[in-house]
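J.: Got a predicted structure here, sequence first:
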Amino acid sequence: MKKVEAIIKPFKLDDVKERLTDLGIKGMTVTEVRGFGRQKGHTEIYRGAEYVVDFLPKIKVEVVVGDDRVGEVVEAICEAARTGKIGDGKVFVVPVEECIRIRTGERGEQAV
Ligand SMILES: Nc1ncnc2c1ncn2[C@@H]1O[C@H](COP(=O)(O)OP(=O)(O)OP(=O)(O)O)[C@@H](O)[C@H]1O
Ligand SMILES: [Mg+2]
């Protein structure tokens, strides 16, 4: 299993969610986060206003999937989140050791 962790522009969340649910993923976690990339936040535009703060608002999307689904999940996120402008975000793929579905006690990929 892998966790696909994407930092995206907040207004792209609906598009990303739609693409991921179309793929039939079974769950996702979304968190409001703040961060910076190479431009250190200084030159980005957020919702039409220029921000001169260090940390810009972003959304973190986390999806855990079986190894065989990682490629399509990453592709879907990148396509949906891309504007071509700076600050489009980043995707990290992280190994996941175990998943336990608490209600049923299932473990591993079938619990995801
Ligand atoms: N190396 C990193 N480690 C952790 N989080 C990061 C890293 N790089 C970017 N992020 C997160 O992703 C968000 C968006 O990054 P961003 O797209 O600006 O990256 P970038 O490398 O500056 O690319 P671009 O030049 O296209 O803007 C940041 O605000 C931050 O939350
Ligand atoms: Mg940047």
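T.: Now that the structure is in, tell me what you want to look at. Being a predicted model, the structure only gives us computed values, none of them experimental. Numbering: from 1, shown residues only. Ligands and ions are numbered 1, 2, ... in the order given.

J.: For beta bridges, what are the partners of the residue nearest to residue 106 when sequence neighbours are not counted?
T.: Leaving aside its chain neighbours, residue 106 sits nearest to residue 100 (7.4 Å; criterion: Cβ to Cβ, 6 or more residues apart in numbering). (Each C-beta comes from the backbone N, C-alpha and C, glycine too.) Beta-bridge pairing for residue 100 (DSSP bridges): residue 107.

J.: Centre of the chain to the longest strand belonging to the chain, how far?
T.: Determined from DSSP state E, the single longest strand within the chain is strand 56-65. Counting by Cα atoms, centre = their mean, to the nearest Å, strand 56-65 is centred 3 Å from the centre of its parent chain.

J.: Just the CA atoms of it, as CSV, please.
T.: Output in CSV follows, covering the C-alpha atoms of strand 56-65 (Å, rounded to 0.1, in the frame of the first residue of the first chain):
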residue,chain,number,x,y,z
LEU,A,56,0.1,30.3,1.7
PRO,A,57,-3.1,28.4,2.3
LYS,A,58,-3.1,25.0,0.6
ILE,A,59,-5.1,21.8,0.9
LYS,A,60,-3.5,18.5,1.7
VAL,A,61,-5.3,15.4,0.2
GLU,A,62,-4.3,12.0,1.5
VAL,A,63,-5.4,8.8,-0.2
VAL,A,64,-4.2,5.3,0.7
VAL,A,65,-4.4,2.8,-2.1
